[in-house]
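In: Give me coordinates for this.
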Amino acid sequence: MIRTIYMIILIYFALGGVGFYFINRKKDAATARKSYIKYLVYFAIINILFFSITIQPFIFHFLTIVIILAGFIELSNLFVKSNSQHLSFFIFSIIFFSFFSFHFFYYGMLRKELSLLTFLIISIFDSFSQVSGQLFGHRKILPSISPNKTWEGLAGGAIIAIISAFLLEGLYVEGTIPEHLILTIGTIVFAFAGDILASLFKRKYQQKDFNNLILGHGGFLDRFDSLIAGGAWAAIYFQFIAT
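Out: Here you go, the predicted model:
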């Protein structure tokens, strides 16, 4: 079963690679190279998380703790670099992040089938939102906060994620169609919200990325904001909503 799921991931990445080819073929060589580096690093990250969930969940739980701690450090670093400006905004941001982190920590301890399902939904949504947005995006959602986010990208990522979720959920999670929809749509909404909130924090402190620790992606929150928030929803769902 794990082999089948991994083959599906490889197919998705191949499709994403085709999309990136069409996106990058009209860009200059330097920009295209950065895009392909980002794509390859993301592939490596997906593999690390996938195999940590499926082979040794303890490692995935450890990685969730690392991501949470790195997130607190990155938020604090931008605040300190700004000479401690916007104190109230920073406090509210820490409160929100603490809420997401608490549930994300619980998410890391879910049964591996549940963690994997949510992880796949978030990864597919993230990947194909970017591909759809760059191929077809015209209408900006929140240009002053996240100028690259478009309605076309959001719709493309959400549709592919929902279809994929229904193909995968039957393998792992029992439940009705409405229950599957609640889990999937909630995951997408939380993942998108996590991305937007991270962008809002960076715009407030006039930074493009939290740092440059992850090649092509920026900091931990630049890469894992959607996973933290989407994982938090999965924890809430399986803890309080799922029957």
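
In: secondary structure element for residue 149?
Out: strand 146-150 (DSSP states H and E).

In: The helix or strand that that strand is followed by versus strand 146-150: what angle between them?
Out: As assigned by DSSP H and E, the chain's next helix or strand after strand 146-150 is helix 151-172. Per axes from the mean of the first three to the mean of the last three CA atoms, to 10 degrees, the angle that helix 151-172 makes with strand 146-150 is 60 degrees.

In: ok and the helix or strand following helix 151-172 relative to helix 151-172, angle-wise?
Out: The helix or strand immediately downstream of helix 151-172 is helix 177-204, counting by DSSP H and E. Relative orientation of helix 177-204 versus helix 151-172 (the same axes, to 10 degrees): 140 degrees.

In: model confidence over helix 177-204, on average?
Out: Average pLDDT, helix 177-204: 94.

In: Would you map the strands across this structure?
Out: 140-142, 146-150 (DSSP state E).

In: Go ahead and measure how far the longest one is from the middle of the chain.
Out: Right, strand 146-150. 15 Å (CA atoms, centre = their mean, to the nearest Å).

In: buried stuff in that strand?
Out: 146, 149, 150 (16 or more other CB atoms under 10 Å). For glycine as for every other residue, the C-beta is placed from the backbone atoms N, C-alpha and C.

In: just the shortest one next, same as before
Out: Applying a neighbour-count criterion of 16+ other CB under 10 Å, the buried positions in strand 140-142 are 140, 141.

In: returning to what we had before: what lines up beside the strand holding residue 149 in the sheet?
Out: strand 140-142 (antiparallel) (DSSP bridges).

In: which residues touch the partner strand?
Out: The contact list for strand 140-142 (CB atoms under 8 Å, 6 or more residues apart in numbering) reads 147, 149, 150, 151, 154, 196, 199.

In: that older thread, give the rounded mean pLDDT of the strand holding residue 149.
Out: pLDDT averaged over strand 146-150 gives 91.

In: pull the CA atoms of that strand into PDB?
Out: This file holds the C-alpha atoms of strand 146-150, laid out as PDB (Å, rounded to 0.1, in the frame of the first residue of the first chain):
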ATOM      1  CA  SER A 146       0.600  37.800  -0.700                       C
ATOM      2  CA  PRO A 147       1.000  39.200  -4.200                       C
ATOM      3  CA  ASN A 148       1.500  35.800  -5.800                       C
ATOM      4  CA  LYS A 149      -1.700  34.200  -4.600                       C
ATOM      5  CA  THR A 150      -4.500  34.200  -7.200                       C
END
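
In: residues near residue 113, how many?
Out: 13 (other CB atoms under 10 Å).

In: Redo the contacts of strand 140-142 as a markdown table? Include distance to residue 228.
Out: Output for these, formatted as a markdown table (distance: CB to CB, whole Å):
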| residue | distance to residue 228 |
| --- | --- |
| 147 | 22 |
| 149 | 18 |
| 150 | 23 |
| 151 | 24 |
| 154 | 19 |
| 196 | 13 |
| 199 | 14 |
